[in-house]
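*Asks:* Next input, structure requested:
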Amino acid sequence: MRLALISDIHGNEIALERVIASIAGDGSDGIVCLGDVAGTGPQPAAALERMRAIGAPVVMGNVDSYMLYPESAGSPGNEMAARRRILSVRSREKRRISRKEGQAAPRRAPIDSARA
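*Replies:* Model (predicted):
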């Protein structure tokens with residue numbers, strides 16, 4: 001069995017699509033993602049949705065961990081930067097989802113909702 005290993009997508013769904021297309025033609029039997037699917041890129045939700053759609057197992061990367069557990073970001077400076085980025089991504093994705101559903105979304109997500 002041949003597996004294609006991918007990692008560090010960081011919310012770049014466009015690049016992810018190109019990688020998946022390349023893998024489709026190389027004879028691999030499957031894909032395993034070694035982490036960092038969402039995070040800091042321009043399309044974090046789309047990248048997550050695409051990974052779910054192909055059914056590839058995903059190992060949690062450090063940025064994935066920061067997205068779920070902001071307090072795990074390490075030093076106070078890194079933690080604050082990670083929290084700001086997480087709040088920005090969550091806020092943007094909530095607005096995007098709400099627009100799809102025809103609802104208004106809050107402009108900011110409270111930090112405590114990171115574990116909700």
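
*Asks:* how about the helices in this protein?
*Replies:* Applying DSSP state H to the chain gives helices spanning 13-24, 44-54, 62-68, 76-101.

*Asks:* I'd like the average pLDDT over the longest one.
*Replies:* So the one you mean is helix 76-101. Averaging pLDDT along helix 76-101 yields 68.

*Asks:* again, but for the third one
*Replies:* Taken as a whole, helix 62-68 carries a mean pLDDT of 79.

*Asks:* Pull out the buried residues from it.
*Replies:* Of the residues in helix 62-68, 63, 64, 66, 67 count as buried by neighbour count, 16 or more other Cβ atoms under 10 Å. Just so you know, the C-beta spots here come from the backbone N, C-alpha and C atoms, and that holds for glycine as well.

*Asks:* Can you tell me, leaving aside adjacent residues, what's nearest to the first one?
*Replies:* Which is residue 63. residue 39 (3.8 Å; Cβ to Cβ, 6 or more residues apart in numbering).

*Asks:* any residues touching stretch 6-16, and which ones?
*Replies:* The contact list for stretch 6-16, computed with Cβ atoms under 8 Å, 6 or more residues apart in numbering, reads 19, 23, 31-44, 46-47, 50-51, 56, 61, 63, 89.

*Asks:* just the CA coordinates of that stretch, formatted as CSV?
*Replies:* Output of stretch 6-16 as CSV, limited to C-alpha atoms (Å, rounded to 0.1, in the frame of the first residue of the first chain):
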residue,chain,number,x,y,z
ILE,A,6,0.8,15.8,3.3
SER,A,7,1.1,18.5,6.0
ASP,A,8,1.2,22.2,6.7
ILE,A,9,-1.8,23.2,4.6
HIS,A,10,-2.4,26.2,6.9
GLY,A,11,-5.8,27.0,5.4
ASN,A,12,-4.6,27.2,1.8
GLU,A,13,-7.4,25.4,0.1
ILE,A,14,-6.2,26.3,-3.4
ALA,A,15,-2.8,24.7,-2.8
LEU,A,16,-4.5,21.7,-1.2
